[in-house]
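> For reference, the sequence and a predicted model appear below.
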Number of protein chains: 2
Amino acid sequence: MPPATPPVPDRSSTIASALRSAIVDGRLMVGDRLPSETELAEQYGVSRPTVREALKRLAAQSLIRTRRGASGGAFVNHLSYDAAHDQQITTGVLLLSMNAISFDVACEARFAMERACAPLACARRNEAQLRCMRTEVARQSDPGLTDEAFCASDVAFHRALVDAAGNPVLSWQLAGAVEAMQPLMNMITFTARSRARIVALHGRIVDAAEAMDVSTCDTALRDLESYTVEVHAAVMAQRAEKACSVR
Amino acid sequence: MPPATPPVPDRSSTIASALRSAIVDGRLMVGDRLPSETELAEQYGVSRPTVREALKRLAAQSLIRTRRGASGGAFVNHLSYDAAHDQQITTGVLLLSMNAISFDVACEARFAMERACAPLACARRNEAQLRCMRTEVARQSDPGLTDEAFCASDVAFHRALVDAAGNPVLSWQLAGAVEAMQPLMNMITFTARSRARIVALHGRIVDAAEAMDVSTCDTALRDLESYTVEVHAAVMAQRAEKACSVR
DNA sequence: GCTGTTTAATTGTCAGACAATTGGTTGTCC
DNA sequence: GGACAACCAATTGTCTGACAATTAAACAGC
């Protein structure tokens, strides 16, 4: 494998950095139009394709959006929560899959953050959010539900809990983390027999949220965490055994 | 302002998406070499510049790195915590600056997550981390410290606290959040008189961490949060008054 | 005043070329 | 035979110039 030495910053990345810091520092405001590609090319003394590569880098980070036509061009983008959320997920998934993160560590982080939301969620949850959580719990109780659908409902439930905290910044961070961890979670939730217990714990959580009972909610989340870790350990042990018996 | 409608996905972004999902799904593993630009161009039936734009998009997300020369090319990158951290900061800063996040909301999120680390940090902190925190507190006590240096030390202190939790996933999330919030924090910490109280609270936090006293640590963080909010409110009120008197 | 058409500006794409970099290969000299 | 230098091939980085597609605005006709 080649070493990860960044030898020389090429011109397109230099230009991208210059424009990026202009945006981050506020010299370019949201909605501002960047100079046209031809103008930028002149300005930086490079050709248009080079400028374009730089712009594509910024577009990949949702910093700008481009439009064709007269009065088109590149505009400083309004970074929405959705866009940030997607980036968070991509980064999270890769980070987890590429860094040999143990399941326990990822799980600990996820539940630590979720427990951080719990007090706020208990204090601020509204009827719609409670209803949403109850709906997901009911759906999860259906034995006919596919594993995929169960996992999706699981994500929706926790998402609703996090949103109940009523803090968009927390929602952004947490929702990204939870979804990034989903592939790992799927490995273990694809065993049907654990469903009943998970549903029971989800029920306890939503009950606690409705009753605004912070400590019960916290305990339920802890129980869910330890149960998750436990199931994972069991699945791993089973796999190891299977691998042995194959030999 | 032009509307934010994504009209047609252009070819370079289509190719970028295809390659990105190949990486995320694991069809391309870390260290794998992508086909050369010419080959990709043939494969997708486009020209080389178009392929290059797609590759630059991936490079902007640290998904690939490129090297020139024989046996050069584009390689699937190992996403390090550092790279993820940087992206987290960029995204966070933009999100905060572009979405009219109130200081209180950002502050609440930051401290909620930091309090989530506190129990782990109290349980696992080692001597080096405690020493690091104490060093920063000592530095902050120096009245000759510039405001910039004080803020940097503040970040370092909280970073050390988060790292003490010994969970790299949490560190990644938190460190990004704390640093992204720093520009907002700077607005208020640039008033010298609040330093003594902040230093005192930092002292209480590190003492609690050393004593493995979770509840004291939690309380100290709560106090720091409310004090931060309070100072911010005072600064805002003062500014408003000034603006009035100017009229 | 309204409608349809033209027009200009701008991004998206292509083709071909050359420069820069890097690893391997080959050949020469000791 | 071995060490060192020169060369070569592959690949990315960049340039030039061109054309297509798209869009808003100016304009002509009624």
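Sure, I can see it. Since the structure is predicted, the reported quantities are computational estimates derived from the model, not experimental observations.

> Residue A:161 belongs to a helix, doesn't it?
Yes: checked against DSSP: H, G, I helix; E, B strand; the rest coil, residue A:161 lies within a helix.

> nearest residue to it other than its sequence neighbours?
In this structure, residue A:161 finds its nearest non-sequential neighbour in residue A:121, 5.6 Å apart by Cβ to Cβ, 6 or more residues apart in numbering or on different chains. Just so you know, the C-beta spots here come from the backbone N, C-alpha and C atoms, and that holds for glycine as well.

> ditto for residue A:65
Nearest residue to residue A:65, sequence neighbours excluded (Cβ to Cβ, 6+ apart): residue A:77, at 4.8 Å.

> isn't the one you found right up against residue A:60?
No: judged on Cβ atoms under 8 Å, residue A:77 makes no contact with residue A:60 at a distance of 11.5 Å.

> how far away is residue A:115 from residue B:116?
6 Å (Cβ to Cβ, to the nearest Å).

> Same drill for these two, tell me which one is more crowded.
In this view residue A:115 and residue B:116 are compared by other Cβ atoms under 10 Å in any protein chain shown, and residue B:116 has more residues nearby, 24 against 21.

> Of all the residues in the helix or strand where the more buried one lies, which ones are buried?
Element membership of residue B:116 [criterion: DSSP states H and E] is helix B:103-124. Judged by neighbour count using 16 or more other Cβ atoms under 10 Å in any protein chain shown, the buried positions of helix B:103-124 are B:103, B:105-122.

> How about stretch A:126-136?
With the criterion 16+ other Cβ under 10 Å, stretch A:126-136 contains buried residues A:129, A:130, A:132, A:133, A:134, A:136.

> you'd agree the second one is up against residue A:207?
What it means is residue A:130. No: using Cβ under 8 Å, residue A:130 is not in contact with residue A:207, being 9.6 Å away.

> how about the residues of chain A that lie near DNA strand C?
In this structure, chain A approaches DNA strand C at residues A:2, A:7-8, A:34, A:36-38, A:48-49, A:52, A:55, A:66-74, judged by Cβ under 7 Å from any atom of the strand.

> Following the chain onward from the host helix or strand of residue A:186, which element is next?
Following DSSP H and E, one finds residue A:186 within helix A:182-189. Per DSSP H and E, helix A:182-189 leads on to helix A:195-210 as the next helix or strand towards the C-terminus.

> by contact count, what packs against that next one?
Helices and strands in packing contact with helix A:195-210 are listed as helix A:103-124, helix A:127-141, helix A:147-164, helix A:214-246; criterion 3 or more Cβ pairs under 8 Å, 6 or more residues apart in numbering or on different chains; DSSP states H and E.

> I'd like the ones you listed written out as TSV, with mean pLDDT added.
TSV is the format used below for the helices and strands packed on helix A:195-210 (pLDDT from 0 to 100):
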stretch	mean pLDDT
helix A:103-124	92
helix A:127-141	95
helix A:147-164	90
helix A:214-246	85
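
> and the residue nearest to residue A:65, how many neighbours?
Using other Cβ under 10 Å, the number of residues around residue A:77 comes to 21.

> Is the residue lying closest to residue A:72 once chain neighbours are set aside in a helix, a strand, or coil?
The spatially closest residue to residue A:72, leaving aside those adjacent along the chain, is residue A:66, at 7.3 Å (Cβ to Cβ, 6+ apart). Reducing the assignment at residue A:66 to three states with three-state DSSP gives strand.

> how near is the closest residue to residue A:167 other than its chain neighbours to residue B:186?
In this structure, residue A:167 finds its nearest non-sequential neighbour in residue B:109, 5.2 Å apart by Cβ to Cβ, 6+ apart. Separation of residue B:109 from residue B:186 (Cβ to Cβ) stands at 18 Å.

> Understood, closing this out.
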